[in-house]
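> only geometry, no sequence info:
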């Protein structure tokens, strides 16, 4: 069960009904492949197979877990760099530590969100605390990558915590769904997350048989990922189940209905709902770097090797050891000497991905 919940949903503000609103149709439903991240924790790659133009301004989304760890099993990621975007880590259940080369970091748990703006460059590490490694326990969360426009890609790195008790809580019009606004605005209610790109992030729990109608800005795209349970989405009531992503078309509202009968292990339809204003700029993406041109991505790899993206604190002695040098190449793939730990991060592509007009800016 998600850590952030309420004992009496009837006391919460309710989403207004909007007579005559046009429900958004569903353009596609895809199933997230399963894999492993870092030192071996299970993930679902929610955006796999979806065109970047449909996702804009988002780049990447991982569902981490849900997994019940035995003692000694919890895993994390090694130190790695980022440039050109923001990472948003939302912990539904469990606990995670984060440190970065800019002095940011801390512990997030049970409904908290950690927001890191990589901007012009940063190194960071994400690990379970020693207490979780020793005892084991439940872990479930998401990591989202949000693109930055060209004008903000070189901004100074920044870090913010969004605590669970600050999240805006709402009820659906019929009282059958709990809505948690992590960032952005919904029906006049604003979440606590401060965003560089205009977006809305929501975690919704929809009771069996209940319907959720969310008014949605027409200038935003709309994505719904089912993390547990099953139900129906869009004007045509297309079926959706755990591990699937629905991409919506145009309209005024998102319509979702939970199936009347749910499995005992997932008594509700749990959804991660997100949308934002498309940036509509070229995207060049490889490994941990999301830029506007291929040349900028290649430069990011070289800057990382030169130490220009920050330094690993000395207390992490093993991670601070020099890696093999990156040689100049216009491909950075195949037999490239780029260390695997740099390229293969969060399931990001290990060859160059380009979208839009990628002529030099």
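Noted; the coordinates are in hand. Please read all numbers here as calculations on a predicted model, not as lab measurements. Numbering: from 1, shown residues only.

> which regions of this structure sit below the pLDDT cut-off?
1, 3, 37-40, 314-347, 357-361 (pLDDT under 70).

> try 80 this time
Low-confidence segments of the chain, defined by pLDDT under 80: 1-4, 36-41, 73-77, 313-348, 350, 357-361.

> neighbours around residue 21, how many?
Residue 21: 15 surrounding residues under other CB atoms under 10 Å. Every residue, glycine included, has its C-beta placed from N, CA and C.

> got the contact list for it?
Shown in contact with residue 21 (CB atoms under 8 Å, 6 or more residues apart in numbering): 213, 215, 251, 252, 253.

> please identify the helix or strand for it.
If you go by DSSP states H and E, residue 21 is not part of any helix or strand.

> going forward, the N-terminal residue is numbered 679.
Renumbered: residue one is now 679, and that last one reads residue 699.

> against residue 933, how distant is it?
9 Å (CB to CB, to the nearest Å).

> ok, now residue 698?
From residue 698 over to residue 933 the distance is 14 Å, taken as CB to CB.

> more neighbours: which of these two?
Remark: of residue 698 and residue 933, residue 933 carries more neighbours, 22 against 5, as counted by other CB under 10 Å.

> so the more buried one bridges to which residues?
Taking DSSP bridges as the rule, residue 933 bridges to residue 891.

> hang on, isn't it packed against residue 913?
Yes: with contact defined as CB atoms under 8 Å, residue 933 counts as touching residue 913 (6.6 Å).

> please enumerate the helices of this structure.
All helices of the chain, identified by DSSP state H, fall at 730-733, 808-813, 972-983, 1018-1021.

> pick the most deeply packed of these.
Counting by mean count of other CB atoms under 10 Å, helix 972-983 has the highest mean neighbour count of the helices of the chain, with a mean of 20.

> overlap in contacts, residue 699 and residue 933.
Common neighbours of residue 699 and residue 933 (CB under 8 Å, 6+ apart) are residue 891.

> which residues touch the closest residue to residue 806 other than its chain neighbours?
Nearest-residue entry for residue 806: residue 752, 3.8 Å, with adjacent residues in sequence omitted and distances by CB to CB, 6 or more residues apart in numbering. Shown here is residue 752, whose contacts under the criterion CB under 8 Å, 6+ apart are 719, 806, 810, 811, 814, 815, 817.

> of those residues, closest to residue 960?
residue 719 (32.8 Å; CB to CB).

> so the closest one makes contact with residue 742?
Yes: counting by CB under 8 Å, residue 742 is a contact partner of residue 719 at 6.3 Å.

> which one's more surrounded, those two?
Between residue 719 and residue 742, residue 742 has the larger neighbour count (other CB under 10 Å), namely 24 against 20.
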